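# my questions concern the predicted model and sequence given below.
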Amino acid sequence: EPLIFDAKEKEYIMLFEAKKKYFLESNNRKGQTLSGDDSMNVEKMSVKDEGFRKFIEARVKDHMLYTIQQKTYHIIGDKIIRKRYDELLERRKQAFLEYFKENGVDSRVKFKKIVPTVPYNGFSEFVISYKGAIPENLKEANEDLEELNSEKPREKYEKVRKGLFGIFRKKSKADQ
């Protein structure tokens with residue numbers, strides 16, 4: 001059962017598409033596609049980037065649109081956002097199924113309808129329901145993951161953590 005944080009994912013797509021449009025136009029590459037490096041540059045670009053904000057402001061004349069999200073939605077439009085969102089969902093599904101295909105059991109995997117939600121951790125996820133007895137090796141692997149998740153930070157990092165803590169401590173007169 002896919003639990004999808006659809007509002008956040010659509011916002012991310014919308015902002016990425018707007019930054020991509022700005023990147024291509026500002027580099028005189030209108031109508032071209034992005035390389036892997038270009039995609040990383042667009043990804044890392046802040047929505048507060050001065051050039052990006054000027055690009056948005058020049059294209060949106062409606063003074064009733066206040067937020068960057070409202071303005072980029074006006075520029076990108078629902079059609080592109082939905083198309084990219086549907087592509088994302090399909091790629092995610094195929095990536096998830098890949099392991100099952102490799103093991104010849106993909107026909108036994110059934111997807112339920114997507115449930116739009118706001119996950120506790122802010123990330124979309126798949127919930128797996130398994131009919132029948134759970135194999136022992138799967139139980140053990142799950143227990144190992146649970147143990148790692150609940151484990152306190154490892155001792156080998158204790159010295160590093162103490163050093164980092166010192167960065168934030170006020171210096172005493174003896175230290176100066």
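Good, I have the coordinates.

# what about the helices in this structure?
Here the chain has its helices, by DSSP state H, at 6-26, 36-44, 50-59, 68-76, 78-102, 136-150, 158-168.

# mind putting those helices in TSV, distance to Val115 and mean neighbour count included?
In short, each C-beta sits where N, CA and C put it, glycine included. Output for those, formatted as TSV (distance: least, Cβ to Cβ, whole Å; neighbours: other Cβ atoms under 10 Å):
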stretch	distance to Val115	mean neighbour count
helix 6-26	9	18
helix 36-44	27	12
helix 50-59	33	14
helix 68-76	23	17
helix 78-102	12	13
helix 136-150	22	9
helix 158-168	38	9
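
# can you lay out these as CSV showing mean pLDDT and distance to Val127?
Shown next, in CSV, are these (pLDDT from 0 to 100; distance: least, Cβ to Cβ, whole Å):
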stretch, mean pLDDT, distance to Val127
helix 6-26, 92, 16
helix 36-44, 91, 28
helix 50-59, 93, 37
helix 68-76, 93, 29
helix 78-102, 92, 12
helix 136-150, 80, 14
helix 158-168, 58, 34
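
# TSV please, covering the ones you listed and showing distance to Thr117.
TSV is the format used below for these (distance: least, Cβ to Cβ, whole Å):
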stretch	distance to Thr117
helix 6-26	8
helix 36-44	25
helix 50-59	30
helix 68-76	20
helix 78-102	14
helix 136-150	21
helix 158-168	34
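
# nearest to Tyr130, of the ones you listed?
Closest approach to Tyr130 among the helices of the chain is made by helix 136-150 (8.3 Å; Cβ to Cβ).

# show me how far the closest one is from its chain's centre.
Using Cα atoms, centre = their mean, to the nearest Å, the distance from the centre of helix 136-150 to the centre of the chain it belongs to is 25 Å.

# with stretch 112-121 instead?
14 Å.

# ends of it, what's the gap?
21 Å (Cα to Cα, to the nearest Å).

# and what of stretch 42-50?
Where stretch 42-50 begins and where it ends lie 14 Å apart, using Cα to Cα.

# what's that stretch in contact with?
Stretch 42-50 has contacts (Cβ atoms under 8 Å, 6 or more residues apart in numbering) with Leu15, Phe16, Lys19, Lys20, Tyr22, Phe23, Leu34, Phe52, Arg53, Ile68.

# for it, what is the distance to the chain centroid?
Per Cα atoms, centre = their mean, the centroid offset for stretch 42-50 relative to its chain is 16 Å.

# kindly report the same for stretch 64-71.
For stretch 64-71, the distance to the chain centre is 22 Å (Cα atoms, centre = their mean).

# CA atoms of it as CSV?
Provided in CSV are the C-alpha atoms of stretch 64-71 (Å, rounded to 0.1, in the frame of the first residue of the first chain):
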residue,chain,number,x,y,z
MET,A,64,-2.5,38.5,-5.4
LEU,A,65,0.1,35.7,-5.7
TYR,A,66,2.4,36.1,-2.7
THR,A,67,4.3,32.9,-2.1
ILE,A,68,7.0,31.4,-4.3
GLN,A,69,4.7,28.3,-4.5
GLN,A,70,1.8,30.2,-5.9
LYS,A,71,4.0,32.0,-8.4
